[in-house]
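*Asks:* quick one: sequence plus predicted model below, questions after.
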Amino acid sequence: MQDYELSNGVIYRGDCLDGLRELAENSITLGFTSPPYFNAVNYEEHVEKVQGNTDHWEREEMSYDDYQDFLIDRFEEAFRVTKPGGHTIINISPVHWQDERVPLPFHLVGWMEDIGWKFKEDIIWEKPVAKDRRSGVLLQNPYPGYYYPSVVAEYILVFQKEADNNDKNNIYWDRTEEEKEKNQIDLDDYQGEKSKNVWKIRQVAPGENEHPAPFPRDLAKRVIELYSYQDDTVMDIFAGSGQTLLAAQDLDREFTGFETQQEYVEYAKDRIIDENSQMTLEDI
């Protein structure tokens, strides 16, 4: 496990399962991540394509049982290191694979509950400019029952590690009045979309990011604002290009990230250093 210490946190290069086992119990306030897609992206081959070593990459085969075990092992450790009252929030979607729509988010809720996580909320992330494949198919065959499932939204599933004391089962119970005032949520635009559980946030356009499947930084920022305080530690166990880590830095949080691919680690690290330097210059 190789680590990169940065001004606001650390990125570990390696399997998050190994790294999580080294973290102290009850040390993380918020986790926000998007797990590797089941049978959708071969991240190692994608890195080879980015580096110019191959012209294309193929999907990676994995059994669903193996994928379930992969996630459970890692979110069990995430549960151990999360503070009572803290949250892990997961961006995930069903996967279309071999003519089947795999209901991954719905299965995940049960897996997480078995670990000990309390399911708190489901948020729909609607992608305003996503491709609607259903309409194209229906234009060719406009008959009931002949359609293709559209993929224009993903789920943001909110889970909490409950505290033993119900009166203290939240991240704000032990905050000072100064901390609360410092982190007060701006309500000017809250009564609109932010108050609902359907969020319309533009996805990352092709070419904007070197990672094959990044979620928008604005999505991470909204989650971090609602579920953590300044100086809390925010963790992403599948950090990818560092979108969660950058959002944490933007909002004056500490961060801990894990990523297996060296190419993505270097990319995230360079982005964080570059933006931190720009922020420092603006303060001068």
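*Replies:* Sure thing, it's come through.
*Asks:* show me where pLDDT drops low in the stretch 51-200 of the chain?
*Replies:* Residues of the stretch 51-200 of the chain meeting the criterion pLDDT under 70: 51-60, 129-135, 191.
*Asks:* and whichever strand or helix holds Arg80, what does it pack against?
*Replies:* Element membership for Arg80 (DSSP states H and E) is helix 64-81. Counting contacts by 3 or more Cβ pairs under 8 Å, 6 or more residues apart in numbering; DSSP states H and E, helix 64-81 packs against helix 16-20, strand 28-33, strand 82-92, helix 104-115. From N, CA and C alone the C-beta is placed, and that goes for glycine too.
*Asks:* what's in contact with it?
*Replies:* By Cβ atoms under 8 Å, 6 or more residues apart in numbering, the list of residues contacting helix 64-81 from outside reads 16-17, 20-21, 23-28, 31, 35, 38-39, 62, 88, 102, 107-108, 111-112, 114-117, 161, 235, 237.
*Asks:* buried ones in that helix?
*Replies:* Neighbour counts over helix 64-81 (16 or more other Cβ atoms under 10 Å) mark Tyr67, Leu71, Arg74, Phe75, Glu76, Glu77, Ala78, Phe79, Arg80, Val81 as buried.
*Asks:* turn those into CSV, including distance to Asn197.
*Replies:* Listed next are the buried residues of helix 64-81 as CSV, based on distance: Cβ to Cβ, whole Å:
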residue, distance to Asn197
Tyr67, 26
Leu71, 23
Arg74, 26
Phe75, 22
Glu76, 27
Glu77, 28
Ala78, 23
Phe79, 24
Arg80, 28
Val81, 27
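*Asks:* which stretches of the stretch 151-284 of the chain form helices?
*Replies:* In the stretch 151-284 of the chain, the helices defined using DSSP state H, counting those that start in this stretch lie at 177-182, 217-227, 243-250, 262-283.
*Asks:* so what pLDDT did the closest residue to Val10 other than its chain neighbours get?
*Replies:* Distances taken as Cβ to Cβ, 6 or more residues apart in numbering place Asp3 nearest to Val10, at 5.4 Å, with adjacent residues excluded. Looking at Asp3, its pLDDT stands at 88.
*Asks:* same question for Gln203.
*Replies:* 83.
*Asks:* skipping its backbone neighbours, what lies nearest Asp236 in space?
*Replies:* Closest residue in space to Asp236, ignoring its immediate chain neighbours: Thr244 at 3.8 Å, by Cβ to Cβ, 6+ apart.
*Asks:* can you pull the contacts of that neighbour?
*Replies:* Neighbouring residues of Thr244 by Cβ under 8 Å, 6+ apart: Phe32, Thr33, Ala220, Ile224, Val234, Asp236, Phe255, Gly257.
*Asks:* tally of neighbours for the fifth one?
*Replies:* Summarising burial for Val234: neighbours were counted as other Cβ atoms under 10 Å, giving 27.
*Asks:* which non-adjacent residue is nearest it?
*Replies:* With Cβ to Cβ, 6+ apart as the criterion, Val234 has its nearest non-adjacent residue at 4.2 Å, and that residue is Ala248.
*Asks:* try Asp164
*Replies:* Excluding its sequence neighbours, the residue lying closest to Asp164 (Cβ to Cβ, 6+ apart) is Pro84, at 6.8 Å.
*Asks:* residues near the one you found, how many?
*Replies:* For Pro84, the count of nearby residues is 16 (other Cβ under 10 Å).
*Asks:* so how far is stretch 94-106 from its chain's centroid?
*Replies:* Taking Cα atoms, centre = their mean, to the nearest Å, one finds the center of stretch 94-106 at 19 Å from the center of the full chain.
*Asks:* residues making contact with it?
*Replies:* Tyr37, Phe38, Asn39, Ala40, Tyr64, Ile92, Ser93, Asp122, Pro149, Val151, Tyr155, Leu157.
*Asks:* from the residues you listed, which is closest to Glu266?
*Replies:* Proximity of the contacts of stretch 94-106 to Glu266 (Cβ to Cβ) peaks at Tyr37, which lies at 22.0 Å.
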